[in-house]
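Asks: Here is my input, please return the structure:
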Amino acid sequence: MLKQRTIQSLTRAVGVGLHSGQRVELTLRPAQPDTGIVFRRVDLSQPVDIPVHALAVTDTRLASTISMRGVKVHTIEQLMSACSGLGLDNLYVDIAAEEVPILDGSASSFVYLLQSAGIELQNAPKRFVRVLERVEVTDGQGEQAKWARLDPHEGYKLSFEIDFRHPAVDATGQQVSFDMATGRYARDIARARTFGFTRDVEMMRSNGLALGGGLDNAIVMDDYKVLNSDGLRYDDEFVKHKILDAMGDLYVLGKPLLASYSAFRSGHAMNNRLLRELLSRPDAYEMVTFEDERTAPKGLAQLAPAW
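Replies: From the prediction side, this is the model:
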């Protein structure tokens, strides 16, 4: 049986929220089978649990936000991406503020935290959502067109193309594909950082956003070049961060996908629209388990290698 996964012991991190600039304490705790991933706001007089689900996403401006009865947690996508990359099914995320800390701007710190806590196999079958027919969402036309789709695939792979029309971005790879079968999420995707442009920062900060962002947790560009003294971690770091984000956005489905995801200029909003479109079509997917893990697609049964 291909089993569900949680962590073996609790682990903690402290950082700042990318948009709020607030100091945030985060504790990751093991959870029982079939719990899913649950964010718990422990800074409130009465802690509130927010189970992760596609329909719990209530805001997708610049990040993915989930909420329950007006209580919110912002910027969940990088932690969710790490959970997706490591195949974690069950986890409690105790958080003492309303935004997940940005840490180094990628998912690599979360991968390190989770792997340091140890991955534990649980005595319950891991459930997948297998896509049976194409599901697609689109927006705009001509040069403004963007789209995202899921196609049937016995495994999990993602392909993304960007089009920012900025000299620094255009000089890097514009399209990348990643297949979970490679087992190289931590090495090839998780280290890709979020990025932004100086021309946008002043406007964002006047609106109370990006208050915790800087050169130590994001790639920052002026109108022509990357300003970080250490440059890029990958030749195609921008589009790889989009793959990282997409993995986190899609994992709010609550179950891992068996599908091929492809997108052009997509983002948090379109990724969530895609999940909602999938859920609205019960004929387009089915829930599956693998009684014999040897029959599971490559890369989904094996534990992710350490760094």
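Asks: tell me the secondary structure for L26?
Replies: What DSSP: H, G, I helix; E, B strand; the rest coil gives for L26 is strand.
Asks: V252 versus the closest residue to it other than its chain neighbours, what's the distance?
Replies: Of all residues not flanking L26 in the chain, A13 sits nearest, at 4.8 Å (Cβ to Cβ, 6 or more residues apart in numbering). In short, each C-beta sits where N, CA and C put it, glycine included. Going from A13 to V252 by Cβ to Cβ, to the nearest Å gives 20 Å.
Asks: same thing with Q78?
Replies: Distance from Q78 to V252, by Cβ to Cβ: 13 Å.
Asks: between the two, who's got more neighbours?
Replies: Q78 (32 against 22; other Cβ atoms under 10 Å).
Asks: Might you report the residue contacts of that one?
Replies: 100, 102-103, 106-107, 110, 194, 244-245, 248 (Cβ atoms under 8 Å, 6 or more residues apart in numbering).
Asks: now with 10 Å?
Replies: Residues near Q78 by Cβ atoms under 10 Å, 6 or more residues apart in numbering: 18, 63-64, 100-111, 190, 192-194, 241, 244-245, 247-248.
Asks: Render the CA-only coordinates of the helix or strand encompassing L244 in CSV, please.
Replies: L244 belongs to helix 237-251 when assigned by DSSP states H and E. Taking C-alpha atoms only, helix 237-251 is exported to CSV below (Å, rounded to 0.1, in the frame of the first residue of the first chain):
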residue,chain,number,x,y,z
GLU,A,237,15.0,31.0,-11.9
PHE,A,238,12.0,33.2,-12.8
VAL,A,239,10.0,30.5,-14.6
LYS,A,240,11.1,27.9,-12.1
HIS,A,241,9.6,30.0,-9.3
LYS,A,242,6.3,30.0,-11.3
ILE,A,243,6.5,26.2,-11.3
LEU,A,244,7.1,26.3,-7.5
ASP,A,245,4.1,28.6,-7.0
ALA,A,246,1.9,26.4,-9.2
MET,A,247,2.8,23.3,-7.2
GLY,A,248,1.7,25.1,-4.0
ASP,A,249,-1.4,26.6,-5.5
LEU,A,250,-2.5,23.2,-6.9
TYR,A,251,-1.8,21.4,-3.6
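Asks: And the next helix-or-strand element following it, what does it pack against?
Replies: Using DSSP H and E, the helix or strand that follows helix 237-251 towards the C-terminus is strand 257-264. Helices and strands touching strand 257-264, by 3 or more Cβ pairs under 10 Å, 6 or more residues apart in numbering; DSSP states H and E, are strand 128-131, strand 135-139, strand 146-151, strand 156-161, strand 175-179, helix 237-251, helix 268-279, strand 285-288.
Asks: looking only at pLDDT, what's the mean for the longest one?
Replies: Same thing as helix 237-251. Mean pLDDT, helix 237-251: 97.
Asks: How far does it sit from its chain's centre?
Replies: With Cα atoms, centre = their mean, to the nearest Å as the basis, helix 237-251 stands 6 Å off its chain's centre.
Asks: If you rank every helix and strand of the protein by mean pLDDT, what lands last?
Replies: helix 198-206 (a mean of 75; mean pLDDT, DSSP states H and E).
Asks: which residues are contacting it?
Replies: Contact with helix 198-206 is made by 19, 21, 62, 166, 196-197, 209-211, 213-214, 218, 220-223, 227, as judged by Cβ under 10 Å, 6+ apart.
Asks: same check, this time on stretch 39-53
Replies: Contacts of stretch 39-53 (Cβ under 10 Å, 6+ apart): 24-27, 29, 35-38, 56, 64, 66-73, 76, 79-80, 83, 91-98, 100, 251-254, 275, 279.
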